[in-house]
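>>> quick one: sequence and predicted model below, then my questions.
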2 protein chains.
Amino acid sequence: MNTASSDTLRVPLDELGEQIRAALRSLGLGEAHVQAMARVIVAGQRDACQSHGIYRVLTCAQTVHAGKVDLQAEPVVESDGSAVVRVDARRAFSPLAFERSLPVLAEAAHRHGVAALAIRHCFHFSALWPEIEAVVAHGLAALALTPSHAWVAPAGGHRPVFGTNPVAFGWPRPGPYPLVFDFATSAIARGDLELHRRTGTPLPSGCGVDADGHPSIDPVAIAGGAMHTFGGHKGSALAMMVELMGGALIGDWTSRESLDFDQGAGAAPCHGELILAFDPARLGGADAADGARRAEEMFGAITVQGARLPSQRRFEARERSLREGATVPSGLYREILAMAAADA
Amino acid sequence: MNTASSDTLRVPLDELGEQIRAALRSLGLGEAHVQAMARVIVAGQRDACQSHGIYRVLTCAQTVHAGKVDLQAEPVVESDGSAVVRVDARRAFSPLAFERSLPVLAEAAHRHGVAALAIRHCFHFSALWPEIEAVVAHGLAALALTPSHAWVAPAGGHRPVFGTNPVAFGWPRPGPYPLVFDFATSAIARGDLELHRRTGTPLPSGCGVDADGHPSIDPVAIAGGAMHTFGGHKGSALAMMVELMGGALIGDWTSRESLDFDQGAGAAPCHGELILAFDPARLGGADAADGARRAEEMFGAITVQGARLPSQRRFEARERSLREGATVPSGLYREILAMAAADA
């Protein structure tokens, strides 16, 4: 590792992966989980997504210490050859369940044209974009959604019902990078609220309400009240759709049930996730190549006017990290190294 | 019909349907198209959706007069038994293509667990919620999206790329009404902009920009510039997803191509639509009944705090229309009656 600035380091990705894996092993996780989880954590830090990078090792530790996550469970993939693939994560972390079922999902999508992966009973652990990118690498378009903990009020209400409920989408493109977006349907990410809470700085207006339902910019008050969705009643409708598609539809928990189960432990949410995969060759038929071309023309019409495509900043960070190592906060990295040393 | 107020009438739904069908016949439309289109127009007026009610007869007339829509074409449904159903509307209006393919979509969704309907080459003609309700009536969850004409700029840009690009979703519930939402990903509906343009009233701030890219509240200036999406970069990402899923993925046109094809005629958009259908029994398996229950519990947690579910106002209007007839603007209805008389 090299010093990048006084409070960040530049760490080669191989070295970063080694330390993360050792830190995860120190928590008692089985090797298959260690490998799968380290892959998404390295990817997050590599892409400068601080909330999904090495910081996640600490939330992982907190979840392990809460005692409800299974550290060893091998996921059970169920496929009857239909367009629906179900995987039971058996109350373990989600990345291994996703990795084990990805080839089955991709095969089903190519065979049937569209397919759905229902990940069930997992401690959800990663941004959605690494999963989206992995599905898109099979030449598929992908849509993913998952509940979280109930922290967000519906439009017109003031008490939490929804989670931060991210929605992510990907589209295959020529060249190294797909089109990918991944956003919370809450007005701000939960990590942003936590950051403001730690630093004692007020939030922008419109982020949430206090326990009495009054608009607030105080992160502590909003944490005790409710966050808003983004985009008013439309964002609220989407957040509801995520509860239904990523929860009720696949027979798994809603964000309210996940938070009830947590009982204040501050562990990762425990519920399910729905990933849809679409084969453009099957849906577009003879016009599939034309479809790929008109997607590129649309991207060109966006960037030519100076607007950015989603994930562009993330891909720029990735290129730099691959060349020079990932930028890592020094203090946080010292904590990871201490955990890793405990494993040795 | 009865006089409801000085400028609206109360018209029984049977009578409304008869007049709409006669008006559509006067345009030279084939009888199968007349029947399918009248069903969605009556449904719109019944539910007090003014922009999708009898007003649509006039946009239909304008589209017919533009000369590009096929008045007779029988849609061609293609199904190879996979989870993808494709229908070629052959440049006719969309409702007949949807009706002809709905049973095939429902069968595919029940067989495979998830299925996709790609409606292609249609003049899109209806809100998405009547289609969503029809899919949900088969015990399925449904998600629909379609491009429109390119009137909306991407976040960070100022020139139109996206259409108003609606997204609609439905979930089956016990009782007469499903959970349904249907919203434009633009900051306001195009019909609202047109209404403000006709009445010369300013729009709320944040709806769009003028031709030079400056924020404006003047509907004429925005019509010559670009509308914004709702919800900033998140709404913009969704609008892009609609172009990709309802356009490029199914090998059909984007909103830019639809507007180019229109050449200023003011006809309905011409492109495709994607409808996804999900069988909760297949995705939820043994937990499907539990899933239905926890969806109802979530709806209860929303309404108990005084927030409304989407479409609640529309269902209330429907109940009243079924009892007392639909409320119809008198002047508009006179235009429809004049068209209908021309058919007699």
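Noted; the coordinates are in hand. Numbers count the residues shown, from 1 in each chain, chains lettered A, B, ... in the order given.

>>> list the contacts for the residue nearest the centre of chain A?
Closest to where the C-alpha atoms of chain A average out (CA atoms, centre = their mean) is A:Ala127, at 1.6 Å. Remark: with contacts taken as CB atoms under 8 Å, 6 or more residues apart in numbering or on different chains, A:Ala127 is in contact with A:40, A:44, A:49, A:52, A:166, A:168, A:182. Quick note: C-beta positions are derived from backbone N, CA and C, even for glycine.

>>> the residues you listed in helices, which ones?
A:40, A:44 (DSSP state H).

>>> if we can go back for a sec, so what does the residue nearest to the centre of chain A look like in phi/psi?
phi -70, psi 170 (degrees, to the nearest 10).

>>> A:Gly163 now?
Note on A:Gly163: backbone dihedrals following degrees, to the nearest 10 are phi -90, psi -170.

>>> tell me, how many residues neighbour it?
Neighbour count of A:Gly163, defined by other CB atoms under 10 Å in any protein chain shown: 31.

>>> ok, now the one 4 residues further on?
Per other CB under 10 Å, the neighbour tally for A:Val167 reads 24.

>>> specify the beta-bridge partners of it.
According to DSSP bridges, the partner residues bridging A:Val167 are A:Leu145, A:Phe183.

>>> domains of chain A?
Chain A breaks down by automatic domain parsing into domains covering A:2-69+A:325-343, A:76-284.

>>> most packed of these?
Ranked by mean neighbour count, the domains of chain A are led by domain A:76-284 with a mean of 22 (mean count of other CB atoms under 10 Å in any protein chain shown).

>>> confirm A:Ser82 sits in a strand?
No - applying DSSP: H, G, I helix; E, B strand; the rest coil, one finds A:Ser82 to be coil, outside a strand.

>>> and it, what does it touch?
A:108, A:112, B:111-113, B:282.

>>> shaky segments in chain A?
Applying pLDDT under 70 to chain A flags the ranges A:1-6, A:344.

>>> do you know how far the residue sitting furthest away from the middle of it is from A:Glu194?
In chain A, the residue that sits farthest from the middle, by CA atoms, centre = their mean, is A:Ala286; the gap is 34.4 Å. Using CB to CB, to the nearest Å, one gets 50 Å for the distance from A:Ala286 to A:Glu194.

>>> please work out which residue of the stretch 101-250 of chain A is closest to chain B.
Closest to chain B within the stretch 101-250 of chain A is A:Gly231: 2.9 Å, counting by CB to the nearest CB.

>>> give the contact list for that residue.
A:238, B:230-232, B:234-235.

>>> switch to 6 Å and redo it
Counting by CB atoms under 6 Å, 6 or more residues apart in numbering or on different chains, A:Gly231 touches B:230-231, B:235.

>>> again, but for A:Ala118
Per CB under 6 Å, 6+ apart, neighbours of A:Ala118: A:86, A:250, A:274, B:283.

>>> and the closest residue to A:Pro204 other than its chain neighbours, its phi and psi?
In this structure, A:Pro204 finds its nearest non-sequential neighbour in A:Ile217, 7.0 Å apart by CB to CB, 6 or more residues apart in numbering or on different chains. Reported as degrees, to the nearest 10, the phi and psi values for A:Ile217 are phi -120, psi 10.

>>> show me where chain A has its helices.
Using DSSP H, helices in chain A cover A:13-26, A:31-46, A:55-66, A:94-112, A:129-136, A:190-199, A:219-223, A:232-243, A:255-262, A:280-284, A:288-303, A:312-324, A:330-343.

>>> as TSV, the ones you listed with distance to B:Val328 would be great.
Listed next are the helices of chain A as TSV, based on distance: least, CB to CB, whole Å:
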stretch	distance to B:Val328
helix A:13-26	65
helix A:31-46	56
helix A:55-66	57
helix A:94-112	45
helix A:129-136	47
helix A:190-199	48
helix A:219-223	46
helix A:232-243	27
helix A:255-262	43
helix A:280-284	40
helix A:288-303	39
helix A:312-324	49
helix A:330-343	64
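
>>> quick one: closest of those helices to B:Met339.
Among the helices of chain A, the nearest to B:Met339 by CB to CB is helix A:232-243 (35.0 Å).

>>> export the contacts of A:Ser82 to a markdown table and tack on distance to B:Leu145?
Listed next are the contacts of A:Ser82 as a markdown table, based on distance: CB to CB, whole Å:
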| residue | distance to B:Leu145 |
| --- | --- |
| A:Ala108 | 22 |
| A:His112 | 20 |
| B:Arg111 | 23 |
| B:His112 | 20 |
| B:Gly113 | 20 |
| B:Arg282 | 22 |
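
>>> return the member of those residues nearest to B:Arg173.
For the contacts of A:Ser82, the minimum distance to B:Arg173 (CB to CB) is 18.5 Å, reached by B:Arg282.

>>> so that closest one sits against B:His112, correct?
No - in this structure, B:Arg282 is not within contact of B:His112 by CB atoms under 6 Å, at 7.9 Å.

>>> follow-up on the earlier one: of the contacts of A:Ala118, closest to A:Gln72?
Taking CB to CB as the measure, A:Gln72 lies nearest A:Arg86 of the contacts of A:Ala118, at 20.7 Å.

>>> residues in contact with that closest one?
Counting by CB under 6 Å, 6+ apart, A:Arg86 touches A:78, A:118.

>>> and the stretch 201-344 of chain A, which residues reach chain B?
A:230-231, A:234-235, A:237, A:241, A:243-244, A:248-251, A:254, A:280, A:282-284, A:287-288, A:290-291, A:294-295, A:298, A:301-302, A:305, A:307-308, A:310 (CB under 6 Å from any CB of the partner chain).

>>> again, only using 7 Å
Residues of the stretch 201-344 of chain A found near chain B (CB under 7 Å from any CB of the partner chain) are A:230-231, A:234-235, A:237, A:241, A:243-244, A:247-251, A:254, A:256-257, A:278, A:280, A:282-285, A:287-288, A:290-292, A:294-295, A:298, A:301-302, A:305-308, A:310.

>>> start to end distance for stretch A:82-100?
Stretch A:82-100 has an end-to-end distance of 17 Å (CA to CA, to the nearest Å).

>>> brain fart, stretch A:154-169
23 Å.
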